[in-house]
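>>> need coordinates for the below:
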Amino acid sequence: MELIQDISRPPLEYVKGVPLIKYFAEALGPLQSFQARPDDLLISTYPKSGTTWVSQILDMIYQGGDLEKCHRAPIFMRVPFLEFKVPGIPSDSVGSEGQAIQASTEEPSAAQNPKREIQKILEFVGRSLPEETVDLMVEHTSFKEMKKNPMTNYTTVRREFMDHSISPFMRKGMAGDWKTTFTVAQNERFDADYAKKMAGCSLSFRSEL
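Sure, this is the predicted structure:
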């Protein structure tokens, strides 16, 4: 029987030795000539390390905490990924507002004191907001609120590209949940492979709070 390839899961393509989703790899060509503006802000993160959280915080900052304005479009449209490209989903390399809002997230401790992290981001972008607005941001950028918000939880993405019945984009919002997924043997294999590939690297990461 002839196998039918799932077009939503094409083979990865390597770009300078890095495996990327085929569509993302195709988007990198035009980015070679991308010219950032002085007031552009780039969010550079590891996967699943709080990218959506920081994106929502930044958009709320730029909208002055106005929730209605923050519901104008899904987060991936308000804060576009420069490398994002998926058939059938519009993308814009500098965003519909002419501003590529993308800062870097920190370690899991950010979840322990979100107000402190929001204040640090405010300071970084040179903005200030009333205390009550910051408190509103803390509430509406919590994992609980973002998980049920269709403008942040990716439920607006077509099912063939992201099937939330199999695995929702926002799952539990807790660091260290790998303990409930990996078996002891799997974790030992991962640790051994990690130690081998990261030998000589001085970076250290926290995997639990």
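
>>> the lowest-mean-pLDDT helix or strand in the chain: which residues count as buried?
Taking mean pLDDT, DSSP states H and E as the measure, helix 22-31 is the helix or strand of the chain with the lowest mean score, a mean of 82. Within helix 22-31, the residues that count as buried by 16 or more other C-beta atoms under 10 Å are 23-25, 27-28. Where C-beta positions appear, they are placed from N, C-alpha and C, glycine not excepted.

>>> let's see stretch 53-62 as CSV, backbone CA atoms only.
Written as CSV, here are the backbone C-alpha positions of stretch 53-62 (Å, rounded to 0.1, in the frame of the first residue of the first chain):
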residue,chain,number,x,y,z
TRP,A,53,3.8,35.2,28.0
VAL,A,54,6.4,37.9,27.3
SER,A,55,4.7,38.7,24.0
GLN,A,56,1.3,39.3,25.8
ILE,A,57,3.0,41.4,28.4
LEU,A,58,4.7,43.6,25.8
ASP,A,59,1.6,44.1,23.8
MET,A,60,-0.3,45.1,27.0
ILE,A,61,2.5,47.6,27.8
TYR,A,62,2.3,49.1,24.3
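
>>> tell me how far that stretch lies from the chain's centre.
Stretch 53-62 sits 12 Å away from the centroid of its parent chain (C-alpha atoms, centre = their mean, to the nearest Å).

>>> so how far is Met146 from the residue nearest the centre of the chain?
Centroid check for the chain by C-alpha atoms, centre = their mean gives Thr51 as the closest residue, at 2.9 Å. Distance of Thr51 to Met146, computed by C-beta to C-beta, to the nearest Å: 12 Å.

>>> longest helix of this protein, counting residues only.
Looking across the chain with DSSP state H, the single longest helix is helix 184-197.

>>> low-confidence ranges in the chain?
Within the chain, the segments meeting pLDDT under 70 span 1-9, 86-93, 95-111.

>>> which residues of it fall in helices?
Applying DSSP H to the chain gives helices spanning 22-31, 51-62, 67-70, 75-78, 114-124, 131-140, 143-147, 184-197.
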